[in-house]
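okay, here's the prediction I keep looking at, along with the sequence it came from:
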Amino acid sequence: MRFFFLLPLLPWATTAFTQSSNFRLKTALKVAAEPPAPPKAAAKDDKPEKISKEAQELLDVLEGKTNYKLVIAQTAPAVRYVQCLWCVSL
Amino acid sequence: MSFRMVALLSHRDLSVFQTLYRVGFPEEFGLGPMELTPGYMVAALKEVGFDLVFDTNVAADLTIMEEGTELLTRVKSRLENPPEKDYPLFTSCCPGWMNTIGKIDPEMVQEISTSKSPHMMYGAMVKEYSQEMLGVKPEEIYFCSVMPCVRKRAESDEPAFVRPDGVRDIDNVITTKDLGTLCRLKGIDAPNLEPVTFDSPFQTDGAGSGAGQLFGATGGVTEAAIRTCYFVATGENLPKLEFEPVRGLEGWKECVVPLHTEDGKGLPVDLKIAVVNGLANAKKIVAKIKEGEHYDFVEVMACPAGCINGGGQPQNKDKDAVQRRLDAMYNLDKNMPRRQSHEDPIVQEFYERFLGEAGSHKAHDLLHVKPVYGRGEFE
């Protein structure tokens, strides 16, 4: 009962709250509703991602610039558990 | 709805929410995140263009067979003939450590295990027996390791790892971050691929053992070695496979492991073991040993926390990320159908078909190397 004197402020408080949280609310609901967006292939306008010389060498092999018949990978135990590889931006 | 409420608290929390959502994504399929991730990674590597994807776990198991045999042989020999200088056997799988030991104390280089690191062992086996295992010549194979470490490439460049015919055991090493870059460049959406299992050079599955999984974390090599050494010495499994004294992220851990059962079966030896990570701790333990402290086996990883926190891994600002990676490793070990290196069917087949027994002459020729590095030659 003692807070009735605050009632006139209620419309102002409601407007202020919804305006400030509107963007967050929409974004949060969007994130919750949609599956994670797949990583995009580099577009022409994007700044090209730096690639190490080892990775470039591998790309050259995979693109058939050399004459290997079999290209094999092995992955160390510590590699696979980095789930954030695809989950968060590096 | 609770996640949404958390997300509403601030923009910052939105990113947390997104992470939780995506890490939790595999659970939509009734699987834990740890079960799904390796399969997705193999699928991604196939999309990148690899013909076969092997699990270095298998080679970690092979390393334990060789390094464990080396340790047991050394302990037995020292029982009969105690050496003048009672130095321990140091692990050899971390190139950061191998590159530093010679600078810390050249005398200690001789005490490093001669066993090659796991990925180099796999390279040596595949190239040596390529015709028998895969039906192609060694020079027709391009073998690339995906590692958490920035020094593994330099290790693979060492002349000791190039065969007499000029073929390299390992042709290239890329890091975890490189793999992420390649996936983005090629537009590979790993979480939405169909998971695929690891390939195997034989008919058996290629997943290795739980012990091999542990290699990525500080204490993991030791725990894997203890399991197999105890079994070889006593003929029995450790009463409890999880060996807690070497677990956790601490920079320095010590323990004593009896190589005999309570009723006296096995060797009359209690192994004194130290596990350190970080080069500052490596320097300290070498100094302690020089002052006269006795250890039988010392595991050193240059990176704090071991390979899970290696220089080739994505850098995560979240303080708990490394702990989560460690927990993931322990969980995977726990859930593996076999948890000891000597139970790995590929390793068993390697010995049956090609090498004879662990520590054999053939195994030494192929899987061991004199500590030609450790003197800063490949920095």
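In hand now; what should we look at?

helix or strand with the lowest mean pLDDT in chain A?
In chain A, the helix or strand scored least confidently by mean pLDDT, DSSP states H and E is helix A:84-87, which has a mean of 44.

surely residue B:208 is in contact with residue B:60?
Yes. In terms of C-beta atoms under 8 Å, residue B:208 counts as a neighbour of residue B:60; the distance is 6.7 Å. Any C-beta I mention is one placed from the backbone N, CA and C, and that applies to glycine too.

which secondary structure state does residue B:303 sit in?
Look at residue B:303: counting by DSSP: H, G, I helix; E, B strand; the rest coil, its state is coil.

could you check stretch B:243-261 and say which residues are buried?
B:243, B:245, B:246, B:247, B:249, B:251, B:252, B:253, B:255, B:257, B:259, B:260 (16 or more other C-beta atoms under 10 Å in any protein chain shown).

who's in contact with the nearest residue to the third one once chain neighbours are set aside?
Counting by C-beta to C-beta, 6 or more residues apart in numbering or on different chains, the nearest residue to residue B:246 once its immediate chain neighbours are dropped is residue B:219, at 3.7 Å. For residue B:219, the contacting residues are B:246, B:247, B:248, B:253, B:275, B:299, B:306, taking C-beta atoms under 8 Å, 6 or more residues apart in numbering or on different chains as the criterion.

now do residue A:7
For residue A:7, the contact set (C-beta under 8 Å, 6+ apart) is empty.

got the residue ranges for the helices in chain A?
Counting by DSSP state H, one finds helices in chain A at the ranges A:10-33, A:53-62, A:77-80, A:84-87.

can you tell me which of those has the worst average pLDDT?
Lowest mean pLDDT within the helices of chain A: helix A:84-87, at a mean of 44.

number of residues surrounding residue B:337?
9 (other C-beta atoms under 10 Å in any protein chain shown).

quick one: it is in a helix?
No. Judged by three-state DSSP, residue B:337 forms no part of a helix; its state is coil.

next up, the contacts around residue 50.
Went with chain A since none was named. Contacts for residue A:50 (C-beta under 8 Å, 6+ apart) come out as residue B:181.

um, chain B though
Taking C-beta under 8 Å, 6+ apart, we find residue B:50 in contact with A:62, A:71, A:72, A:73, B:144.

and with 7 Å instead?
When contacts are counted by C-beta atoms under 7 Å, 6 or more residues apart in numbering or on different chains, residue B:50 is found next to A:71, A:72, A:73.

please flag which of those residues sit within strands.
Those of the contacts of residue B:50 mapping onto strands are A:71, A:72, A:73, per DSSP state E.

would you reformat the residues you listed as TSV and include neighbour count?
Below are the ones in strands among the contacts of residue B:50 laid out as TSV (neighbours: other C-beta atoms under 10 Å in any protein chain shown):
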residue	neighbour count
A:71	20
A:72	24
A:73	28
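
also near chain B: which of the residues you listed, exactly?
When contact is defined as C-beta under 7 Å from any C-beta of the partner chain, the ones in strands among the contacts of residue B:50 meet chain B at A:71, A:72, A:73.

excluding covalently adjacent residues, which one is nearest to the first one?
By the measure of C-beta to C-beta, 6+ apart, the closest residue to residue A:71 outside its immediate chain neighbours is residue B:142, 4.7 Å from it.

which helix or strand contains the one you found?
When elements are defined using DSSP states H and E, residue B:142 is found to belong to strand B:141-147.

outside of the helix or strand following that strand, which residues touch it?
Reading on from strand B:141-147 to the C-terminus, the next helix or strand found by DSSP H and E is helix B:152-157. For helix B:152-157, contacts defined as C-beta under 7 Å, 6+ apart pick out A:54, B:95, B:117, B:119, B:120, B:145, B:168, B:170, B:173, B:378.

how does it look with 8 Å?
A:54, B:95, B:98-99, B:117, B:119-120, B:123, B:145, B:161, B:168-173, B:312, B:373, B:378-379.

need phi/psi at residue B:320.
The phi and psi values for residue B:320, taken as degrees, to the nearest 10, are phi -90, psi 0.

to clarify, my last question referred to residue B:99.
phi -80, psi -10.

I'd say it and residue B:150 touch.
No. Checked against C-beta under 8 Å, the pair residue B:99 and residue B:150 is beyond contact range at 11.5 Å.

how about the contacts made by residue B:251?
Contacts for residue B:251 (C-beta under 8 Å, 6+ apart) come out as B:276, B:277, B:278, B:280, B:281, B:304.

now, those that are in helices?
Counting by DSSP H, those place B:280, B:281 in helices.

how about residues contacting stretch B:229-239?
Stretch B:229-239 is contacted from outside by B:68-69, B:71-72, B:226-227, B:257, B:259-261, B:265-267, B:271, B:340, B:342, using C-beta under 8 Å, 6+ apart.

biggest separation within those, which pair?
Across the contacts of stretch B:229-239, the longest distance by C-beta to C-beta is 20.2 Å; it joins B:69 and B:261.

avg pLDDT for stretch B:221-240?
On average, the pLDDT along stretch B:221-240 is 96.

ok, back up a step: and which of the ones in strands among the contacts of residue B:50 is nearest residue B:103?
residue A:73 (32.7 Å).

nearest residue to residue B:227 other than its sequence neighbours?
According to C-beta to C-beta, 6+ apart, the nearest residue to residue B:227 is residue B:340 (4.8 Å).

on the three-state scheme, residue B:240 is what?
Applying three-state DSSP: residue B:240 is coil.

surely the residue nearest to residue B:227 meets residue B:225?
No. Using C-beta under 8 Å, residue B:340 is not in contact with residue B:225, being 10.6 Å away.

doesn't residue B:273 belong to a strand?
Yes. Residue B:273: assigned to a strand according to three-state DSSP.

need the residue closest to the centroid of chain B.
residue B:215 (3.2 Å; C-alpha atoms, centre = their mean).

just the ones of the contacts of helix B:152-157 in helices?
Per DSSP H, the contacts of helix B:152-157 map to helices at A:54, B:95, B:98, B:99, B:119, B:120, B:123.

look up the pLDDT of the third one for me, please.
The reference is to residue B:98. Looking at residue B:98, its pLDDT reads 91.

ok, now residue B:10?
On the pLDDT scale, residue B:10 is placed at 31.

again with residue B:334
According to the model, residue B:334 carries a pLDDT of 88.

what's the burial count for it?
13.

so how far is chain A from it?
14 Å (C-beta to the nearest C-beta, to the nearest Å).

so which strand or helix has that residue?
Per DSSP H and E: residue B:334 is located in helix B:321-335.
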